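A.B. asks: Turn this into a model:
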Amino acid sequence: MKPFVSKTMIYSLAIYFLWYAAVLDPVGKLFMLRYVALVYAVACLLLSGRVLALFEPNTSLRNVTIIYISFLMPIHGLLMYAMRAGYTSDFIDTSYISAGILLLISLIYQTPTLCNVGLRAMIGSGRLLSILIILVYLISTTDAIGELGSFLYERGIALVNTREYASFSFPYIYFFASPMLIYLIAFDLSAAFDKPEMRNILKSGVSIFALALSGTRFHIVLACLFPFVFYILRYPRQKFLLLGAFVVLVMSAQTVTELPIVNEIFSPEEASNAKKLGMVSYYWEMFRDIITYLFGQGYNAHAWSSPLREIISIERNASKSELTYLEIFRVYGVLISVPFFLLLVALVRRLGLLSKDLGWLYPAFIIFLVGSASNPYLFSTNGMLPLGLILAVVSQSGRLNSSVNALTNVANRRSGHREWRRANGHGGGWN
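C.D. replies: Numbers count the residues shown, from 1 in each chain. Sure thing, here's the model as predicted:
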């Protein structure tokens, strides 16, 4: 007699819970959904015994990356913290350790079926996020936005405001999960390019619009360039089309860069840009110390490093800056950082070999990594949740390729079913 609830169903629920909690409760202030989701997922992981299997003789990219980020990097950071900070202050530099735990939880993707569940959860939560952003934007035109904005801010879900560039006012509806829209847009654009139906084009437009509404400069610029960048990365063999697009881009670049709004967004004198550029000299000062250069400063270095305190002085309770890759070198040093970046390069190369159905992950991950250079995306829920899933997909790509892709094939079946109904006189309406 089969059990009423299978192991796959239990794990699938944990996966959905993780992804949707990341959108609805990223810091755990809304009914503690984030913590409930994490505890549930950890319980499933411990019961599965996958953590112990991680240390079996297996040099797969997935295992090595998880061990490196979840164990070796935190151990090194804590050792350097103990040696250099000497426990002289409250420990607040927890993001790297939390990221390691979140990546470890990705071992829950044990089978191709659970990988497909993860992909559905990624796209579904991204779709929900885009709808929420647009709904908040519509409400922002009414008097109710004040109470809603306060509710979202107090619970650590979103910041709702406006931003101005060159006298242009932009909505700033920044849900803390907004960077994960990059994966939704890549999925939607892949469907639109492969099958340019109105439905797929509209979905792409909605998800890109939601990204633009999130208000950061990177997201606004990315929303404008995403289709072009995605096409270059997704279809590199179509050289003639790419050459034509490049010529048009170069010819229009002069006109575009003369626009006041573009000048202000990219101006080194703009407040945020000037702040980030000013950080570089402080990093250079820190890297002149041979110990920091080789081994890093470790965690909680703001307690003793005056250049780091200068960098983060504007932010309350901050322990690091937004310049993610420089931060990785500062915290871990060259000896630990270089292998980490080599693992990312290896993952990108493996993503480029995935089947057509999963090919959208390749440009999405590259774009996400580019955005992480000047934004604190990577060592957060926004970075580790997708990274864990991508590692699982790559590790099981052979079995995934031979299985039914739950995302694309279901959509194709629905589209084919509607066409069959029209051809047989059953109309074209929804079931």
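
A.B. asks: can you give me the strands in the stretch 151-300 of the chain?
C.D. replies: Ranges of strands within the stretch 151-300 of the chain are 158-165, 168-175, based on DSSP state E, counting those that start in this stretch.

A.B. asks: if you compare these, which one is most tucked away?
C.D. replies: strand 168-175 (a mean of 18; mean count of other C-beta atoms under 10 Å). For glycine as for every other residue, the C-beta is placed from the backbone atoms N, C-alpha and C.

A.B. asks: Averaged pLDDT, that one. What do you get?
C.D. replies: Averaged over strand 168-175, pLDDT sits at 87.

A.B. asks: Using PDB, write out every CA atom in it.
C.D. replies: Output of strand 168-175 as PDB, limited to C-alpha atoms (Å, rounded to 0.1, in the frame of the first residue of the first chain):
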ATOM      1  CA  PHE A 168      12.600  62.600 -14.300                       C
ATOM      2  CA  SER A 169      10.800  60.900 -11.400                       C
ATOM      3  CA  PHE A 170      10.900  57.100 -11.400                       C
ATOM      4  CA  PRO A 171       8.900  54.700  -9.200                       C
ATOM      5  CA  TYR A 172      11.100  52.900  -6.700                       C
ATOM      6  CA  ILE A 173       9.200  49.700  -5.700                       C
ATOM      7  CA  TYR A 174      12.100  47.600  -4.600                       C
ATOM      8  CA  PHE A 175      11.000  44.300  -3.200                       C
END
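
A.B. asks: Tell me which other helices or strands it touches.
C.D. replies: helix 112-139, strand 158-165 (3 or more C-beta pairs under 8 Å, 6 or more residues apart in numbering; DSSP states H and E).

A.B. asks: ok, back up a step: including distance to Met384, could the strands of the stretch 151-300 of the chain go into a markdown table?
C.D. replies: Compiled in a markdown table, the strands of the stretch 151-300 of the chain are given as follows (distance: least, C-beta to C-beta, whole Å):
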| stretch | distance to Met384 |
| --- | --- |
| strand 158-165 | 20 |
| strand 168-175 | 17 |
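
A.B. asks: For Leu119, which of these is the nearest?
C.D. replies: strand 168-175 (20.8 Å; C-beta to C-beta).

A.B. asks: What are the contacting residues of the closest one?
C.D. replies: 23, 26, 129, 132-133, 136-137, 140, 152, 157-164, 213-216, 220, 261 (C-beta atoms under 8 Å, 6 or more residues apart in numbering).

A.B. asks: thinking again about what came up before, any idea which of the helices and strands packed on strand 168-175 is most buried?
C.D. replies: Mean neighbour counts for these (mean count of other C-beta under 10 Å) peak at helix 112-139, with a mean of 20.

A.B. asks: Quick one: list the elements packing against that helix.
C.D. replies: helix 7-24, helix 145-154, strand 168-175, helix 181-194, helix 198-213, helix 381-395, helix 397-402.

A.B. asks: what's the angle between the longest one and helix 381-395?
C.D. replies: Going back to what we said before, that points to helix 7-24. Computed by axes from the mean of the first three to the mean of the last three C-alpha atoms, to 10 degrees, the angle separating helix 7-24 from helix 381-395 equals 150 degrees.

A.B. asks: What of the second one?
C.D. replies: Taking the same axes, to 10 degrees, one finds that helix 145-154 is oriented at 60 degrees with respect to helix 381-395.

A.B. asks: Please shift the residue numbers so they start at 804 in all later answers.
C.D. replies: All right, first residue 804 from here; so that's helix 948-957.

A.B. asks: For the helix or strand hosting Ala902, give me every contacting residue.
C.D. replies: Here Ala902, judged by DSSP states H and E, is contained in helix 898-908. By C-beta under 8 Å, 6+ apart, the list of residues contacting helix 898-908 from outside reads 821, 841, 844-845, 848, 854, 868-869, 872-874, 876-877, 880, 1102, 1122-1123, 1134, 1179, 1181-1184, 1186-1188, 1190-1191.

A.B. asks: circling back: do you know which of the helices and strands packed on strand 971-978 lies nearest Arg1037?
C.D. replies: helix 915-942 (16.6 Å).

A.B. asks: Between strand 971-978 and that closest one, find me the angle.
C.D. replies: Using the same axes, to 10 degrees: helix 915-942 against strand 971-978 is 140 degrees.

A.B. asks: Report the angle between helix 915-942 and strand 961-968.
C.D. replies: Going by the same axes, to 10 degrees, helix 915-942 makes 60 degrees with strand 961-968.

A.B. asks: now helix 915-942, how far from the centre of its chain.
C.D. replies: 13 Å (C-alpha atoms, centre = their mean, to the nearest Å).

A.B. asks: What are the buried residues along stretch 884-902?
C.D. replies: Buried residues in stretch 884-902, counted by 16 or more other C-beta atoms under 10 Å: Tyr884, Arg887, Ala888, Asp896, Ser898, Tyr899, Ile900, Ala902.
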